[in-house]
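Participant: coords please:
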Amino acid sequence: MADETTGSDDTPGAEVTLDIHRPHSARMYDYFLGGTTNFEPDRTAAAQTLAVFPNAPVAARANRAFMRRTTRMLARHGITQFLDIGTGIPTSPNLHEVAQQVNPSCRVVYADNDPIVLTHARALLRSTPEGRTAYIQADVRDPEHVLDAVKMTGVIDLDRPVALSMNALLHFVSDGDGAYEIAEVFKRRLRAPGSALVLSHITPDFAPEETARGVRAYRASGTYVQTRAQAEFARFFEGWKLADPGIVSTPRWRPDAESARIEVTDAQASCYGAVAFRP
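Facilitator: Prediction:
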C-alpha cells in the first residue's frame, strides 16, 4: 500500500488504478454510512460483518459525529491547520467544511491510501476563499513520507500548531507493524506546542464477544483489524495532555445537541475517542 500520487487544491492530478475485486476498509465504511461508492466485494464483506456485528453502521455514524465535534472544538480553540489521515470516501460535511464554518481561514490536508478516494477528491478541495485544502494519496505506515508529502503541498506549516486526526485508522495497524511507533513519528514531527492529536479506535471493552466476531469477519475478508483496550489506546497519547473528558466512548466525548437526539450506547459504538495537546 505504497504512496502513489499527490493532489493539491488545484487538481487531484493523477491516473487512478482501482482494485475493485478486493474489499477495502474505506469503501466498507462508506457502505456502513449509507454511501454508494463501494463495489460488490465491499458490500459482501460488509454484509458478513453486519451478520455478526449489526451495530457497525451505528458505530460508523457515531465516529463521524465524533469527528465533527472534535474538529469544531479545535477550530474554536484557535487551531487553523488540520491533517486528516485515513480520510475515506468524502461524506459531507467533511472535516474542512466543519473547521471552515468556525474559521474560514482554516487549512486542511487530507491523506488516504485508497485510490478511489482520489477520484472523489474534488469534494475535499472545495475550500473557502480564505482557506486552503489539499489531498495526498499516502499510507500511514510510512509516516515520514506522509509528512514530507504534506510539506510539499505548501498548505500546512508543520512548525505551527497542527491538529492531526487519525479517526478509525490505527486499529488497521498491528503492533507488529509499528502502530505506536507510527504515532510517535507524527507526534515528534508536530513539534509546535498546542498541536493536537485526535484518535478514535475500536475496543473490546464494551461488547467483547460482538467485537471479536466483527474483527474475525474483517480479517476473513482480508482486512486486518486489531482491537485495543483503554490502557492500550492511552499509549498513543503518552507525553501529551488529554483534553476533557479524557478517553471515553465516541458518543460520550462532549456530546452536543445533534448527538443527544440519537442515543448511542457504549456497546453499539465499541470505539474509544480522545483528543490530546502537545504541552
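
Participant: what residue lies at the spatial centre of this protein?
Facilitator: Nearest to the geometric centre of the chain sits residue 167, at 2.9 Å (CA atoms, centre = their mean).

Participant: is it in contact with residue 198, as I believe?
Facilitator: Yes: under the criterion of CB atoms under 8 Å, residue 167 makes contact with residue 198 at 6.6 Å. All C-beta spots, glycine's among them, are computed from the backbone N, C-alpha and C.

Participant: what sits in contact with each of the two?
Facilitator: 67, 273 (CB atoms under 8 Å, 6 or more residues apart in numbering).

Participant: show me where the chain has its helices.
Facilitator: 25-32, 40-52, 56-77, 95-102, 115-119, 143-153, 179-189, 208-220, 230-234, 257-260, 266-269 (DSSP state H).

Participant: which of those has the lowest mean pLDDT?
Facilitator: Ranked by mean pLDDT, the helices of the chain bottom out at helix 257-260, with a mean of 76.

Participant: what packs against that one?
Facilitator: Here helix 257-260 touches helix 56-77, going by 3 or more CB pairs under 8 Å, 6 or more residues apart in numbering; DSSP states H and E.

Participant: now do the helix it packs on against helix 25-32, angle only.
Facilitator: Counting by axes from the mean of the first three to the mean of the last three CA atoms, to 10 degrees, helix 56-77 lies at 100 degrees to helix 25-32.

Participant: just how off-centre is helix 56-77 within its chain?
Facilitator: 10 Å (CA atoms, centre = their mean, to the nearest Å).

Participant: again, but for stretch 199-218
Facilitator: Chain-centre distance of stretch 199-218: 17 Å, with CA atoms, centre = their mean.

Participant: give the buried residues for it.
Facilitator: 199-207, 210-211, 214-215, 217-218 (16 or more other CB atoms under 10 Å).

Participant: now swap in stretch 54-69 and tell me
Facilitator: Here stretch 54-69 shows 55-69 as buried, counting by 16+ other CB under 10 Å.

Participant: now, among the residues you listed, which is nearest to residue 26?
Facilitator: residue 60 (11.5 Å; CB to CB).

Participant: wait, the closest one touches residue 29, no?
Facilitator: Yes: judged on CB under 8 Å, residue 60 makes contact with residue 29 at a distance of 5.9 Å.

Participant: common neighbours of the two, please.
Facilitator: Going by CB under 8 Å, 6+ apart, residues that sit against residue 60 and also against residue 29 are residue 168.

Participant: OK, contacts around residue 271?
Facilitator: Residue 271 makes contact with 59, 62, 63, 168, 200, 201, 202, 203, 249, 250, according to CB under 8 Å, 6+ apart.

Participant: buried residues of stretch 44-53, list them for me.
Facilitator: 45, 46, 48, 49, 50, 52, 53.

Participant: ok, now stretch 134-152?
Facilitator: Buried-residue list, stretch 134-152, by 16+ other CB under 10 Å: 134-143, 146-147, 149-150.

Participant: quick one on the thing from earlier: select, out of the helices of the chain, the one closest to residue 87.
Facilitator: Residue 87 lies closest to helix 115-119 among the helices of the chain, at 6.0 Å (CB to CB).

Participant: that closest one packs against which elements?
Facilitator: Partner elements for helix 115-119 (3+ CB pairs under 8 Å, 6+ apart): helix 25-32, strand 132-137.

Participant: got the buried residues of stretch 44-53 as a markdown table, with distance to residue 261 columns?
Facilitator: Below are the buried residues of stretch 44-53 laid out as a markdown table (distance: CB to CB, whole Å):
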| residue | distance to residue 261 |
| --- | --- |
| 45 | 31 |
| 46 | 26 |
| 48 | 31 |
| 49 | 26 |
| 50 | 24 |
| 52 | 28 |
| 53 | 24 |
